[in-house]
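1. Provide a 3D model corresponding to the input given below.
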Amino acid sequence: PYRGHGKRSNRCFGSPLPHCSVTAQTVFNDLAWLWLIGWLVALSLVDLRQHRLPTSMVSRLAAGLVALHVAVVLIEDRPAPLFWALLGMVGFAGFLYLIHRRAPEGLGGGDVRLAGPLGWQLGWVAGSDIFLAVALTLIVACGGALMLLVLQRSGKRFTGPVAFGPPLAAATLLISAIWN
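-> As a prediction, this is how the structure comes out:
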């Protein structure tokens, strides 16, 4: 980065410190977290209100995460996280697809689509522990869905089928944050 009167500087991003830990890799990782959180909040609100997860929104979430994580890999020149992220994406979405095929009234197609980018994120942070991360995410998400069901039964909020997208999103953020 440049700072000052056109001279090169070893200071990063305008920091007054001569050396700091802010790198392009850190910036892209932070942007990926912000992207993930922003889209998951938006998708959760839509799912709670309309009981659907629009494909266009899920696709944008996935595309942004992939692009930001690929940028990190290009900077680090360490492609292994992409393998685990891809395995997480295919594995999580594939597992929920199998459940959806057995019980389509219990798990919607939007939840299956959402599992793709969520699995990508889990694979990115958990690496070779991806299967454990997915299992923990599903356990936490089922607990969240039960809480929504209790709220619904008590007549406090939420009518209709229980939206599984918000618990999936919250569980993924929690497990990702713990793993990170």
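2. and the contacts of stretch 29-41?
-> Outside stretch 29-41, the residues that touch it by Cβ atoms under 8 Å, 6 or more residues apart in numbering are 57, 60-61, 64-65, 68-69, 72, 117, 121, 124, 169-170, 172-173, 176. Just so you know, the C-beta spots here come from the backbone N, C-alpha and C atoms, and that holds for glycine as well.
3. now with 6 Å, please.
-> For stretch 29-41, the surrounding residues in contact (Cβ atoms under 6 Å, 6 or more residues apart in numbering) are 61, 64, 65, 68, 69, 72, 121, 169.
4. buried stuff in it?
-> 29, 32, 33, 35, 36, 39, 40 (16 or more other Cβ atoms under 10 Å).
5. same check, this time on stretch 140-157
-> Neighbour-count burial for stretch 140-157, with 16+ other Cβ under 10 Å as criterion, is recorded at 140, 141, 144, 145, 148, 152.
6. how about the residues you listed in a markdown table, adding secondary structure, pLDDT and distance to residue 110?
-> Putting the buried residues of stretch 140-157 into a markdown table (DSSP: H, G, I helix; E, B strand; the rest coil; pLDDT from 0 to 100; distance: Cβ to Cβ, whole Å) gives the following:
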| residue | secondary structure | pLDDT | distance to residue 110 |
| --- | --- | --- | --- |
| 140 | helix | 97 | 19 |
| 141 | helix | 96 | 14 |
| 144 | helix | 94 | 16 |
| 145 | helix | 92 | 14 |
| 148 | helix | 86 | 16 |
| 152 | helix | 79 | 18 |
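7. wait, which of these is closest to residue 23?
-> Minimum distance to residue 23 across these is 31.4 Å, recorded for residue 140 (Cβ to Cβ).
8. mind listing what the closest one touches?
-> Counting by Cβ under 6 Å, 6+ apart, residue 140 makes contact with residue 171.
9. gap between it and residue 163?
-> According to Cβ to Cβ, to the nearest Å, residue 140 stands 16 Å off from residue 163.
10. quick one: low-confidence parts of the protein?
-> Counting by pLDDT under 70, the chain contains low-confidence ranges at 1-22, 156-159.
11. just checking, next helix/strand downstream of the helix ranked longest in it?
-> Taking residue count as the measure and DSSP state H as the definition, the longest helix of the chain comes out as helix 24-50. Past helix 24-50, heading to the C-terminal end, the next element that is a helix or strand (DSSP states H and E) is helix 55-76.
12. list phi and psi for residue 53.
-> phi -120, psi 100 (degrees, to the nearest 10).
13. now do the contacts for it.
-> 43, 47, 110, 114, 165.
14. mind running it again at 7 Å?
-> Listed by Cβ atoms under 7 Å, 6 or more residues apart in numbering, the contact set of residue 53 reads 43, 46, 47, 110, 111, 113, 114, 165.
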